[in-house]
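Visitor: compute the structure for the input listed below.
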Amino acid sequence: MRFAPLDRHFTGISVPVAALRTAADCGVGEFADLVPLGEWCRGVGLDLIQLLPINDSGTNSSPYSALSAFALHPLYLNLDNVPGAARYGEEIARFRADAAPDRVSYAATLGFKLSVTERAFADSAAVIAHDPGFAKWRRENPWVVPYAVFTGLKRETANAPWSSWREMADPSPARITAWWDSHAALCLPAAWVQYLLETQLESASRALHSMGVFLKGDLPILMSRESVDVWAERGFFDLTGIAGAPPDMFSPDGQNWGFPVYDWESLGREGYRWWKDRLRQSGKFFHAFRIDHVLGFFRIWRIPQGEVTGLLGRFSPSAGFTLSDLEAMGFDEGRLKWLSLPHVSGPEIAAALGSDAARVAGTYLRRVGDEDLYNPAPEYDSESGLRALNEPQAVRSFLLSVHSDRTLLVDGPGLFHPAWHLETKKGFQSLSEEERSKLKDLAARRRQESEEGWEKTGRQLLSVLKNATDMLVCAEDLGDVPRCVPRALEDLGILGLRIVRWARDYEKTPPGQQAPFIPPSRYPLLSVCTPSVHDTSTIRGWWEEDPVERETFFRSLGESGVCPAHMTPLLLEKIIEHCGRARSLLCMFQAQDLLDLDKDLWAPDPKADRINVPGTVTGENWTWRMPLAVEELSGRTALAGKIRALAAARRQRPAKETTA
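Guide: Presented below is the predicted three-dimensional model:
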């Protein structure tokens, strides 16, 4: 679906589908609930609604861990529009009455909806199987066959990993089709639910379109290892590497996302068919979409199998150090081993472990010749292996610190990469000043060579995506952003992301000083401005977190006097108006931040309004719901007036504007 001409500034609301509340919901938001939300948005002047990913994620509540790049989540199905479900009306009514309004009960709600739809299918199986509309939809959506087979096998094996499925662990397309044919009673209900979901979402999307309200989706770049796509399209994925992120100020050990990386050469040989099909599917419903972690189209942080953190990862692709590079610097085989393998001395082991030193060294380390010097034993040389040891925490922590202390990372015969935080490694510090300088210079040259390759790769892949759809393309370009990325996005007409609290002038700030905030009026025109996202605290929550940042931001607003330690309604309005003056074409606000313009809707603890805390697995993540039903929003006239004024001020500014 096509977005509006980019001849003015747009304002929107970001909200997970699950967070929507209506008077008749089943404890979770549904696709049908987008229609009354759209009516409210139209009334207050908001132009678009942005969702989190809506793909089926099975038993995992995280929308970024999808079972399928194509299938929609049964959680969002409206049972009132399921043929035959009226027979179970009393049961549905009881479930609705008992459902907690403040948090999503993920497993219970999903289980109930699947139970009702399966019984409704069974009641009319023969009629549904021969329904012309359903049959036509199956022909037009061939992805549904492997999806239904995959979900059927998951059920038959009690959700066991596909690697344990024997002859179905790595099946040919013909074998998948044969399984579908021989297990129709198991596969057809799953396909029918997808047919209903698409029908309901397309209906909601068309209704929003008729109102002049646009729908923006979220396209995660990576797929779960336990997804139908990795299972059925094995050649498009490289299962020897794991995607993640390098260490930074927020994650000192880096991040391990657990997802396999792509085999871009294999995807390219088929004309990027899988990606084009994925965009075609999204284009049925959305006018715009957000590419999650767009940096991954330029390069990905690739972590070896067996590692738990991102410490020993490297960018892929990247120009490494060849054996001839290092030999020219005077590093022979022995010195290369010194730089690429951790070394720890007997006195260091004794100082760290005391009476456990001899036992640990004899079990988990290997002595180097006759020296009182040790390398990790190969069988224990991984973070997952060391973390699993039945040893005191002090022993595991010591061995893990030794394991990660490598100056060079080996990438096959004769190829090496510099470790992240190269200068902190023991091997690097043991070099002469001249050798350190040469190694750093070589790393800088290879980084520049890599960036040139990344720009070419990113432009090529993103051009394929942009040319395959008429949706407006937006990108999440956060993290260790290569200089080539903003340039490529701008040239391709892709909107980048500016999160106000992180949009700082870091490059021009001396070490140890607070980097000043970049005013939203200076953001690129081709960008999306937002004060918070699903992985951050809300505006109110942020204000409670860091007194120093709070003070710096308060002054950036042009405020004088005492910076309040707690958010006030007037200050919140000023911050939202500050964001609204962004030069960015799109300005998006989380539902929590907009609803907080009404003091009566404030949660007692702003932490409760956070959608997700990255790196944690808790019962609170992904369960947030709006504090009132969508139908009740129309009665909040003061709230509506504030949002209407915000949206009107942005709408009146033409896109050719260059200053705020």
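Visitor: just the helices in the stretch 451-600 of the chain please.
Guide: Assigned by DSSP state H, counting those that start in this stretch, the stretch 451-600 of the chain shows helices spanning 484-492, 539-545, 547-556, 569-580, 591-595.
Visitor: so which residues make contact with the first one?
Guide: Defining contact as CB atoms under 8 Å, 6 or more residues apart in numbering, one finds that helix 484-492 is touched by 294-295, 298, 451-452, 454-455, 458-459, 462-463, 466, 473, 475, 477, 495-496, 524, 526. All C-beta atoms are positioned from the backbone trio N, CA, C, and that covers glycine.
Visitor: how near is the residue lying farthest from the centre of the chain to Pro376?
Guide: Most distant from the centre of the chain: Asp370, at 49.5 Å, with distances by CA atoms, centre = their mean. Distance of Asp370 to Pro376, given as CB to CB, to the nearest Å: 19 Å.
Visitor: which SSE is immediately downstream of the host helix or strand of Gly362?
Guide: Per DSSP states H and E: Gly362 is located in helix 357-364. Sequence-wise, the next helix or strand downstream of helix 357-364 (DSSP H and E) is strand 365-367.
Visitor: and that next one, how far out from the chain's middle?
Guide: 40 Å (CA atoms, centre = their mean, to the nearest Å).
Visitor: ok now the helix or strand just after it, how far from the chain's centre?
Guide: Next along the chain after strand 365-367, taking DSSP H and E as the criterion, comes strand 373-376. With CA atoms, centre = their mean as the basis, strand 373-376 stands 38 Å off its chain's centre.
Visitor: do the same with stretch 640-660
Guide: Worked out by CA atoms, centre = their mean, stretch 640-660 lies 29 Å from the chain centre.
Visitor: next: stretch 333-345.
Guide: Distance, centroid of stretch 333-345 to centroid of chain: 37 Å (CA atoms, centre = their mean).
Visitor: next, the buried residues of that stretch.
Guide: 335-344 (16 or more other CB atoms under 10 Å).
Visitor: could those go into JSON lines alongside distance to Asp131 and pLDDT?
Guide: Formatted as JSON lines, the buried residues of stretch 333-345 follow (distance: CB to CB, whole Å; pLDDT from 0 to 100):
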{"residue": "Arg335", "distance to Asp131": "71", "pLDDT": "93"}
{"residue": "Leu336", "distance to Asp131": "67", "pLDDT": "95"}
{"residue": "Lys337", "distance to Asp131": "67", "pLDDT": "94"}
{"residue": "Trp338", "distance to Asp131": "70", "pLDDT": "94"}
{"residue": "Leu339", "distance to Asp131": "66", "pLDDT": "96"}
{"residue": "Ser340", "distance to Asp131": "62", "pLDDT": "96"}
{"residue": "Leu341", "distance to Asp131": "64", "pLDDT": "96"}
{"residue": "Pro342", "distance to Asp131": "63", "pLDDT": "96"}
{"residue": "His343", "distance to Asp131": "69", "pLDDT": "95"}
{"residue": "Val344", "distance to Asp131": "68", "pLDDT": "96"}
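Visitor: can you redo those residues as CSV with distance to Ile575 and secondary structure?
Guide: Listed next are these as CSV, based on distance: CB to CB, whole Å; DSSP: H, G, I helix; E, B strand; the rest coil:
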residue, distance to Ile575, secondary structure
Arg335, 55, helix
Leu336, 53, helix
Lys337, 55, helix
Trp338, 53, helix
Leu339, 49, helix
Ser340, 49, helix
Leu341, 51, coil
Pro342, 47, coil
His343, 52, coil
Val344, 50, strand
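Visitor: show the contacting residues for the residue nearest to His9 when sequence neighbours are not counted.
Guide: The shortest distance from His9 to any non-neighbouring residue, by CB to CB, 6 or more residues apart in numbering, is to Arg650 (4.2 Å). Applying CB under 8 Å, 6+ apart to Arg650 gives the contacts 8-11, 580, 587.
Visitor: ok, now Val116?
Guide: Counting by CB under 8 Å, 6+ apart, Val116 has contacts 79, 82, 85, 88, 91-92.
Visitor: the closest residue to Val44 other than its chain neighbours: how many residues sit nearby?
Guide: Nearest residue to Val44 in three dimensions, chain neighbours excluded: Ile643, at 4.4 Å (CB to CB, 6+ apart). Residues near Ile643, counting by other CB atoms under 10 Å, number 26.
Visitor: now the helix or strand where Ile643 lies against helix 569-580, angle please.
Guide: According to DSSP H and E, Ile643 maps onto helix 637-651. Using axes from the mean of the first three to the mean of the last three CA atoms, to 10 degrees, one finds that helix 637-651 and helix 569-580 are set 30 degrees apart in direction.
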